[in-house]
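Asks: Here's a sequence, model it:
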Amino acid sequence: MTPCTLTALSDLAQLNVDTIIDVRAPSEFAEDHLPGAINLPVLSDAERAEVGTIYKQVSPFDARKIGGALVAQNTARHLQTALAGKDGSWQPLVYCWRGGQRSGAFSTILDQVGWRVHLLRGGYRSYRRLVVAALYDTPLLHRLMLIEGGTGTAKTRLLHHLAETGAQVLDLEGLAQHRGSLFGAVEGGQPYQKMFESRLAQALAPLDPTQITWVEAESSKIGDITLPPALWAAMIAAPRVEVDAPLAARAHFLCHAYDDLTADPAMLKDRIDKLRPYHSGETITAWQTQARVGDWATLAEGLIGQHYDPRYAKTASRNPAPVERLSLNDLDETTLAETAAALHSRFSVGE
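Replies: Coordinates of the predicted model:
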């Protein structure tokens, strides 16, 4: 068995292993885990709770005895299922919460089988410390450039087109699995905060700090996800490019970008209802009627003009003037691709 120590997030790319195995309970794994890890729990959530109760209410010895039996049973099941096809050359990296009994017991059995097992010192906690250090304890050194604009100005699509030109981009809404507004929830829901931070740290790691990284302007929260302070401070200080387009073009874009809502009238009704604290009952009723009859363009124009644009104008008035303003006649894919290419050429460093 070979101990393994992470000293930097970049060490993850250098690991000479075939599979990373997280042996923690499924709920722990769901909250966050090492990138690329699979979950082979040696204790289920219920079993972990049972052993913890015995530890506190009966004795540590009884808890270890019962826990040991459960770990052996679960490890045997994994050997007969998930690991049944692994040959003798397979090398796993194993970890638990802090590199203690769960991963130690699992690794010992795998080692006795004959596999060359790597055991992560400090477990998941050692990895989490590196993520926290990167996002909370040190300033972000990346050169960010923000794309800002009102709702429906295709900022996310423009970001994707920038990536296709070869520009560095950081897609925060993609990492957070949310489109960043009251209507922005997507199927599958958002990751836990810790999982988002792991994704963010991994997305930042390969980016060249000397080159511009394009980011969509966001608030400090995307849905239920809070942006870490190092990133938020860098975004506040970053220069901005503002995108604008005619109201009709923005409404047309939204109708396609949010087609999941137009296909689910009940969900759309629920989202519109959440705007009642901000608008008159008459306005809400009009929007609900437009949604019910499928008058999507009128609904989108109303939401943009009466709800989103006034809020954007208030926020934008507190920001420094953008370094460039783009007025697009339409938001077609060709226009966005051409705009992205021009931006990349204009702001590329050293080109």
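Asks: Would you mind measuring from L200 to G104?
Replies: 31 Å (C-beta to C-beta, to the nearest Å). C-beta here means a position set from N, CA and C on the backbone, and glycine is covered the same way.
Asks: A82: what's it in contact with?
Replies: I38, L40 (C-beta atoms under 8 Å, 6 or more residues apart in numbering).
Asks: higher neighbour count, L200 and G104?
Replies: Neighbour tally, L200 and G104, criterion other C-beta atoms under 10 Å: the higher count belongs to L200, 22 against 16.
Asks: In a helix, that one, correct?
Replies: Yes - checked against DSSP: H, G, I helix; E, B strand; the rest coil, L200 lies within a helix.
Asks: quick one, phi/psi of the closest residue to it other than its chain neighbours?
Replies: Closest residue to L200 in three dimensions, ignoring its sequence neighbours and counting by C-beta to C-beta, 6 or more residues apart in numbering: L175, at 5.8 Å. Main-chain dihedrals, L175, degrees, to the nearest 10: phi -70, psi -40.
Asks: Could you list the residues in contact with stretch 216-234?
Replies: 134-140, 142, 144, 146-149, 155-156, 159, 171-173, 176-178, 180, 184-185, 190-191, 193, 196-197, 200, 235, 240, 315.
Asks: what about the strands in the chain?
Replies: Counting by DSSP state E, the chain has strands at residues 2-4, 19-22, 38-39, 92-95, 118-120, 143-149, 168-170, 212-216, 221-222, 225-226, 240-244, 324-327.
Asks: ok, back up a step: could you pull up the contacting residues of the residue nearest to L200?
Replies: F196, R199, L200, A203 are the contacts of L175 under C-beta under 8 Å, 6+ apart.
Asks: From I222, how far off is it?
Replies: Note on L175: its distance to I222, by C-beta to C-beta, is 9 Å.
Asks: Could you do T210 as well?
Replies: Counting by C-beta to C-beta - T210 and I222 are separated by 27 Å.
Asks: Neighbour count for these two, which is higher?
Replies: Taking neighbours as other C-beta under 10 Å, T210 and I222 compare with I222 leading, 22 against 10.
Asks: Roughly how far does the more buried one sit from D295?
Replies: On the measure of C-beta to C-beta, I222 and D295 end up 29 Å apart.
Asks: other SSEs contacting the lowest-mean-pLDDT helix or strand in the chain?
Replies: Lowest mean confidence among the helices and strands of the chain (mean pLDDT, DSSP states H and E): helix 259-262, at a mean of 89. Applying 3 or more C-beta pairs under 8 Å, 6 or more residues apart in numbering; DSSP states H and E, we find helix 259-262 packed against helix 265-273.
Asks: For the helix it packs on, buried residues please.
Replies: Within helix 265-273, the residues that count as buried by 16 or more other C-beta atoms under 10 Å are L268, R271, I272.
Asks: OK, contacts around the second one?
Replies: For R271, the residues meeting the contact criterion (C-beta under 8 Å, 6+ apart) are L182, F183, L261.
Asks: quick one: contacts for the spatially closest residue to the last one that is not a sequence neighbour?
Replies: What it means is L261. Nearest residue to L261, sequence neighbours excluded (C-beta to C-beta, 6+ apart): L268, at 4.6 Å. Residues near L268 by C-beta under 8 Å, 6+ apart: L261, T262, A291.
Asks: cool, Q91 as well?
Replies: N16, V17, D18, T19, W115, R116, V117, H118.
Asks: Give me the distance between it and T5.
Replies: With distances taken as C-beta to C-beta, Q91 is found 17 Å from T5.
Asks: can you count the residues close to the nearest residue to P139 once chain neighbours are set aside?
Replies: Counting by C-beta to C-beta, 6+ apart, A230 is the residue found nearest to P139 once chain neighbours are left out, at 6.0 Å. Burial of A230 is recorded as 20 neighbouring residues (other C-beta under 10 Å).
Asks: State the distance from A230 to T315.
Replies: Using C-beta to C-beta, A230 is found at 21 Å from T315.
Asks: Over to L130?
Replies: Taken as C-beta to C-beta, the span from L130 to T315 is 33 Å.
Asks: For the spatially most central residue of the chain, report the pLDDT, please.
Replies: Compute the mean C-alpha point of the chain, and by C-alpha atoms, centre = their mean the closest residue is L175, 2.7 Å away. Looking at L175, its pLDDT stands at 97.
Asks: quick one: it from V169, how far?
Replies: L175 sits 11 Å away from V169, going by C-beta to C-beta.
Asks: how far does stretch 317-328 stretch from start to finish?
Replies: From its first residue to its last, stretch 317-328 covers 21 Å (C-alpha to C-alpha, to the nearest Å).
Asks: got the buried residues for that stretch?
Replies: P322, L326, L328.
Asks: same deal with stretch 126-139?
Replies: By neighbour count on 16+ other C-beta under 10 Å, the buried set for stretch 126-139 is S126, Y127, R128, L130, V131, A134, L135.
Asks: which residues touch the fourth one?
Replies: Contacts for L130 were tallied using C-beta under 8 Å, 6+ apart; they are L6, A8, L9, A201.
Asks: and with 6 Å instead?
Replies: L9 (C-beta atoms under 6 Å, 6 or more residues apart in numbering).
Asks: Check the gap between K86 and I21 for me.
Replies: 11 Å.
Asks: Neighbour count: these two, which is higher?
Replies: More crowded of K86 and I21, by other C-beta under 10 Å: I21, with 27 against 16.
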